[in-house]
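Q: prediction below, plus the sequence it came from.
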Amino acid sequence: MNTRIFARSTDEKRPAIRSVSGRSVQAGFTLIELLVVCGIIVVVSAVVLANQNKFGGQVLLDSFAYDVALSIRTAQVYGTGAHVTVCPSGSGFPGIYGIHFTKSDNTGYEIFADCNGDGVYESGIDTIANGGTYTITHGYKISELCAPSAGCTQSLNTLDIAFQRPEPVAKISANGVSCINDISNCETDAQITLVSPRGDTKAVTVSNNGQIDVQQN
């Protein structure tokens, strides 16, 4: 009796996946599905990058505002302390220090030693204190100077904030009108509005009591 042994071939192909219609189909992605996925990835990436750029710009604007506030505080420390600056007249201790802003040069400001004691910066008479000329870069600038700060009802061309020993109070002079000798000319407060290249704004306010605040969004 002959016995036959039936062996299944090892290279036998697996059966194809059959659809409900009975025809063979191959598993995978279609071109339309790939295009849809790529489109979703592009949209999500664009949204993430846009928000990242906005967040980065806001961080730089915040840093700029705090730099301006710190500069005002530095002028206050100079004015209430014993900082010594040599004036053109030879005086070694002016007694009044301040910070000067002007809209005609909205990419910089100065900390100055008030050599003639009027609380207003005058080039050639007053001295820039300790290299205190600050340059604003990367497209950021000062967009508005106001006094008083509420509603920015009075837009200024120049703003001088001076500090005189021994009090930390601020003598705020608008448009070059000195208030050191006549306090009726002093503003109650002032606002420096800063703007980013994207158009976002942030404000630094100074009160006549010497308080310095940065606007919180």
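A: That came through fine.

Q: okay, CA-based contacts and neighbour counts for the rest of this
A: Noted.

Q: now the spatially closest residue to T137 that is not a sequence neighbour: phi and psi?
A: Once flanking residues are discounted, T137 sits nearest to T107: 7.1 Å by Cα to Cα, 6 or more residues apart in numbering. In terms of degrees, to the nearest 10, the main-chain angles of T107 are phi -120, psi 30.

Q: report how many residues lie close to T107.
A: Residues contacting T107 under the criterion other Cα atoms under 10 Å number 18.

Q: what's the answer for the one 10 residues further on, then?
A: By other Cα under 10 Å, the residues close to G117 number 18.

Q: picking up where we left off before, residue contacts, the residue nearest to T137?
A: Residues near T107 by Cα atoms under 8 Å, 6 or more residues apart in numbering: 135-137, 140-142.

Q: run the last query once more with 10 Å
A: 101, 134-143 (Cα atoms under 10 Å, 6 or more residues apart in numbering).

Q: F64 sits in which helix or strand?
A: Applying DSSP states H and E as the criterion places F64 in helix 31-80.

Q: give the rounded mean pLDDT of that helix.
A: Here helix 31-80 scores 82 as its mean pLDDT.

Q: also stretch 193-206?
A: For stretch 193-206, mean pLDDT is 92.

Q: any idea how far apart the tips of that stretch sit?
A: Its first and final residues considered, stretch 193-206 spans 12 Å by Cα to Cα, to the nearest Å.

Q: pick out the residue nearest the middle of the protein.
A: By Cα atoms, centre = their mean, the mean C-alpha position of the chain lies nearest to L61, the distance being 1.1 Å.
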